[in-house]
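Visitor: Fold the following.
(2 chains, ligands or ions: 2)
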Amino acid sequence: MIEVRNLRKNYGKLEALKGISFSIDEGEFYGLLGPNGAGKTTTISIISSILVPDGGEVSINGKNIYTHSRESKQIIGVVPQEIALYSDFSAMENLIFWGGLYGVPDNELKRRAKELLQMVGLSDRANDKVSSYSGGMKRRINIAAALLHRPKVLFMDEPTVGIDPQSRNLIFEVLEKLHHNGMTIIYTTHYMEEAERFCDRIGIIDHGQIIAQGKLDELRNDNGAKDAIAITLNHADERQISALQTFWPDSKMADMNLYFYSQDVKTDLPLIIRKCSEAETDIRSIEIQKTNLETIFLNLTGRQLRD
Amino acid sequence: MIKIAIKDLMQFFKQKRTMLLTFLLPIVLITLFAFAFGGIGGGSGDSRISLQISDLDQTQTSKKAAVLFDSLKGLEIKPTELSIAQDNIKKGKESFVLIFKKGFADSVNAGYNPPLELQYDEAKETEVGLLQQSLIPTIAMMPFSLGDPKTTMANRFNNMAGTKDNTERAIIKERSDKLFDDLSAAMSRSNSSGGSAADFLGGNIKMTKLIAANNDNELGLIQAVAGTAVMMLLFSVVGIGSGLLDEKQEGTLKRLLYAPINPLNILFGKMISANVISILQLLVMFVFAALCFGLSLTEHLPGTLITIAATAFACSAFGVFLASFAKTRQQVQGLSTMVVLVMSAIGGSMMPLFFMPALMQKAAVLSVNYWSIQSFYDVFWRNLSITDPSFLKKIVVLVFIGLILNALAVIMFRKNILKLSRGNFF
Ligand SMILES: Nc1ncnc2c1ncn2[C@@H]1O[C@H](COP(=O)(O)OP(=O)(O)O)[C@@H](O)[C@H]1O
Ligand SMILES: [Mg+2]
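Guide: Ligands and ions are numbered 1, 2, ... in the order given. The predicted structure is shown next:
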């Protein structure tokens, strides 16, 4: 449904995007995961056609978004990274105004606004000025404001930055509902938990490039990412440890923890435990740490996702 | 576009502080200026210009003249001995003394302008302008009103002819007398109230006096209202224009651009709302001046409305232009304060133009203020009809200024949007 080909964008000397490509099917929830400054917002701005790229193409339903600007804008909803609302207006007034720009008829607008307020859990505050809202409440209205024209595609640029857990959970519920109802969603974030939780497919973006892309499992396998079996010791005996590490070279000792890396924990775990008991290791606890996007990112870039 | 304009208006009316600045502050300023420029509230002593009169002539005629001045509305006459009067000025108690010199009566009776001298405190030069406004017509008509109109006329003709030949003078006198008699006869025939020629000329004097008094009153008021109104309008319109930059900063501009609308409509919406608010602001100020200071608004309604509309158009274009041209609100604020103050100063918003040096008066045409204030003068003081070319010319200039600035705003906005599309958004 959405085809993004080889997007490039320079800000002066800075190459913000160095050829971004991805394509998204209808109804898919696509996550763009990357640290701050990776180029997520730049990508979203280009595909919502308010920023002209220096190279590359974007089409929605086979139509180039620049030659079919109005048409594509009508089916896109955008939740910007910043809270873009009129703070002197009430939530209701904001929704009605923003929806009105998309040509939704007045009576219909009111109905949808009420519905959306209900959905984001702010019906009771509908007529209060947005300036009196908490950050999380503003975020919720920020999302609702992108939905009045019932877009087929929703672009969300880090919609959960800096909010309270309650609002965050509410937003997650909303996301799941929208996804469930078949909306195509592009979601940027630098929280790997969010990407892992919602996204059908994930693109990992860094320094203006997509460095890995696919379903979560694919990402895990493709990058040879291994889970870790972490064994915490009560006391560290040099000889025991070196024996274990010779037995399992792909391992690491840090603090009182001994990490054994494995691509197949199910089969490897019994082997390792047997070896431990043979060596009479004094074990306090055993934990299995599944690879997450964080480790994948670390493997790919040598850096942490969150700086 | 209309939706955006309505949104802008709603935003405006929700901001109490802006509302106060737009409507209350100008009213306060108008009140202050109205009192400062005097002539307000006619009868009340403190607002009148106090004028000492020293009568060195001490004749029947000179005393009549003093009474004449006393009947002028904006003046408070204080007959004072010359030395005391001069002393008062030196001590700063008084600003002027008008001296009726010896031979006052003789000159007047012979039909010449009387020997008068105005001594004043140099520091009060501005007041002299106002004083002259009210004195000159009366003084000019004195030979008619106090002396024999017939002699006066003959003398004037003689002066104009510039002859010293006695026979010629006699002829001129004869013709002038005949003209006077004819005029007088014609007047009494046509005038149902049965006035004589003397009445006719006397009436003329009274008329002059009346206009002088009334208009002087109105002049100060018009100056106060129009001057303040335009200046304050410029300030508030800059604020409205800067709303555009706020939208940029808040990110709502970006969100407006996501929508399937023509980006220029964002600017047009801003222009519409700026015009509406400007017209409202000017109306409020003029209605206030009419209610509280007796500005003759209803008599001059069409001209006022036309001038208000043209002024609003020019000024709001100025505000939107400034905003489209600057990058941040702070930048606009700094820039606009300078520009508005300078324009207001040279354009006659703070001081009536005739108080200012010739060079400044020439520079005045560069300001929106000038054209607008002059149009208001045309309407209220010069009493021009709305079809008068001199009035229309000023309206055309205002509309032209508005069109140019709006066009520039569109160009700048396009350029900025384009820039924004190239990515220099923040
Ligand atoms: N308007 C701009 N002018 C110059 N540089 C910019 C601008 N916007 C973004 N950048 C730079 O481009 C890079 C990508 O930014 P952005 O797309 O906002 O990243 P993200 O949203 O992933 O945090 C960053 O290095 C950022 O500093
Ligand atoms: Mg971003």
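
Visitor: just checking, next helix/strand downstream of the helix or strand bottoming out on mean pLDDT in chain B?
Guide: Taking mean pLDDT, DSSP states H and E as the measure, helix B:197-250 is the helix or strand of chain B with the lowest mean score, a mean of 66. Of the helices and strands lying after helix B:197-250 in sequence (DSSP states H and E), the nearest is helix B:252-258.

Visitor: Assign whatever residue of chain A ends up closest to ligand 2 to helix, strand or coil.
Guide: Among all residues of chain A, residue A:41 sits closest to ligand 2, at 3.2 Å; criterion: CB to the ion. (C-beta placed from N, C-alpha, C; glycine too.) When states are read from DSSP: H, G, I helix; E, B strand; the rest coil, the local structure at residue A:41 comes out as helix.

Visitor: go on, residue A:188?
Guide: Three states are possible here, and by three-state DSSP the one that applies to residue A:188 is strand.

Visitor: Tell me which residues touch the residue of chain A closest to ligand 2, please.
Guide: Applying CB atoms under 8 Å, 6 or more residues apart in numbering or on different chains, one finds that residue A:41 lies in contact with A:81, A:157, A:158, A:188.

Visitor: next one: residue A:135
Guide: Applying CB under 8 Å, 6+ apart to residue A:135 gives the contacts A:83, A:162, A:163, A:164, A:167.

Visitor: Of these, grab the buried ones for PyMOL.
Guide: Buried residues among those (16 or more other CB atoms under 10 Å in any protein chain shown), as a PyMOL selection:
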select buried, chain A and resi 83+163+167
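
Visitor: Next, format the contacts of residue A:135 as TSV and append pLDDT.
Guide: Formatted as TSV, the entries for the contacts of residue A:135 read as follows, by pLDDT from 0 to 100:
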residue	pLDDT
A:83	92
A:162	80
A:163	86
A:164	87
A:167	89
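
Visitor: Which pair in the contacts of residue A:135 has the greatest spatial separation?
Guide: Taking CB to CB as the measure, the contacts of residue A:135 reach their widest spread between A:83 and A:164, a distance of 14.4 Å.

Visitor: what does stretch B:290-306 contact?
Guide: For stretch B:290-306, the external contacting residues (CB under 8 Å, 6+ apart) are B:31, B:34, B:40-41, B:218, B:221-222, B:225, B:286-287, B:289, B:375-376, B:378-380, B:384-386, B:391, B:395.

Visitor: Which among those residues count as buried?
Guide: The neighbour-count test (16+ other CB under 10 Å) marks B:31, B:34, B:40-41, B:218, B:221-222, B:225, B:286, B:289, B:375-376, B:378-380, B:384, B:386, B:391, B:395 as buried among these.

Visitor: near chain B too, which of the contacts of residue A:135?
Guide: When CB under 8 Å from any CB of the partner chain is taken as the criterion, the members of the contacts of residue A:135 that contact chain B are residue A:83.

Visitor: just the contacts of residue A:135 now: which is nearest ligand 1?
Guide: Distances from ligand 1 to those, taken as CB to the nearest ligand atom, are shortest for residue A:162 (13.8 Å).

Visitor: picking that back up, let me have the contacts of residue A:135 in JSON lines, extended by secondary structure and distance to residue A:11.
Guide: Putting the contacts of residue A:135 into JSON lines (DSSP: H, G, I helix; E, B strand; the rest coil; distance: CB to CB, whole Å) gives the following:
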{"residue": "A:83", "secondary structure": "coil", "distance to residue A:11": "23"}
{"residue": "A:162", "secondary structure": "coil", "distance to residue A:11": "25"}
{"residue": "A:163", "secondary structure": "coil", "distance to residue A:11": "28"}
{"residue": "A:164", "secondary structure": "coil", "distance to residue A:11": "33"}
{"residue": "A:167", "secondary structure": "helix", "distance to residue A:11": "32"}
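
Visitor: Go back to the contacts of residue A:135 and keep what's next to ligand 1.
Guide: Restricting the contacts of residue A:135 to those touching ligand 1 (CB under 6 Å from any ligand atom) yields no residues.

Visitor: Look up phi and psi at residue B:308.
Guide: When read as degrees, to the nearest 10, the backbone of residue B:308 gives phi -60, psi -40.

Visitor: OK, contacts around it?
Guide: With CB under 8 Å, 6+ apart as the criterion, the residues that contact residue B:308 are B:279, B:282, B:283, B:286.

Visitor: Show the model's pLDDT score for it.
Guide: Looking at residue B:308, its pLDDT is 95.

Visitor: Do you have the strands of the stretch 101-250 of chain A handy? List them.
Guide: A:153-157, A:184-189, A:201-206, A:209-214, A:227-233 (DSSP state E, counting those that start in this stretch).

Visitor: a markdown table for these, including mean pLDDT?
Guide: Shown next, in a markdown table, are the strands of the stretch 101-250 of chain A (pLDDT from 0 to 100):
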| stretch | mean pLDDT |
| --- | --- |
| strand A:153-157 | 95 |
| strand A:184-189 | 94 |
| strand A:201-206 | 92 |
| strand A:209-214 | 90 |
| strand A:227-233 | 86 |
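
Visitor: the domain parsing of the chain - what is it?
Guide: Going with chain A. As assigned by automatic domain parsing, chain A contains the domains A:2-221, A:226-290.

Visitor: To clarify, I was referring to chain B.
Guide: According to the domain assignment given by automatic domain parsing, chain B is divided into the following structural domains: B:43-211, B:219-417.

Visitor: wait, isn't residue B:127 in contact with residue B:49?
Guide: Yes. Using CB atoms under 8 Å, residue B:127 is in contact with residue B:49, at 6.3 Å.

Visitor: between those two, who's got more neighbours?
Guide: Counted by other CB atoms under 10 Å in any protein chain shown, residue B:127 and residue B:49 do not tie: residue B:49 has more neighbours, with 22 against 17.

Visitor: From residue B:58, how far off is residue A:33?
Guide: 104 Å (CB to CB, to the nearest Å).

Visitor: winner for burial among the domains of chain A?
Guide: Most buried of the domains of chain A, by mean neighbour count (mean count of other CB atoms under 10 Å in any protein chain shown): domain A:2-221, with a mean of 19.

Visitor: got the end-to-end distance for it?
Guide: The distance separating the two terminal residues of domain A:2-221, taken as CA to CA, to the nearest Å, comes to 26 Å.

Visitor: ok so, going back, may I see the contacts of residue B:308 arranged in a markdown table, with pLDDT as well?
Guide: Formatted as a markdown table, the entries for the contacts of residue B:308 read as follows, by pLDDT from 0 to 100:
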| residue | pLDDT |
| --- | --- |
| B:279 | 94 |
| B:282 | 93 |
| B:283 | 93 |
| B:286 | 91 |
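
Visitor: Most neighbours out of the residues you listed, which is it?
Guide: Of all the contacts of residue B:308, residue B:282 has the most neighbours under the rule other CB under 10 Å, reaching 27 neighbours.

Visitor: Hmm, residue B:314 and that one touching each other?
Guide: No. In terms of CB under 8 Å, residue B:282 does not count as a neighbour of residue B:314; the distance is 11.6 Å.
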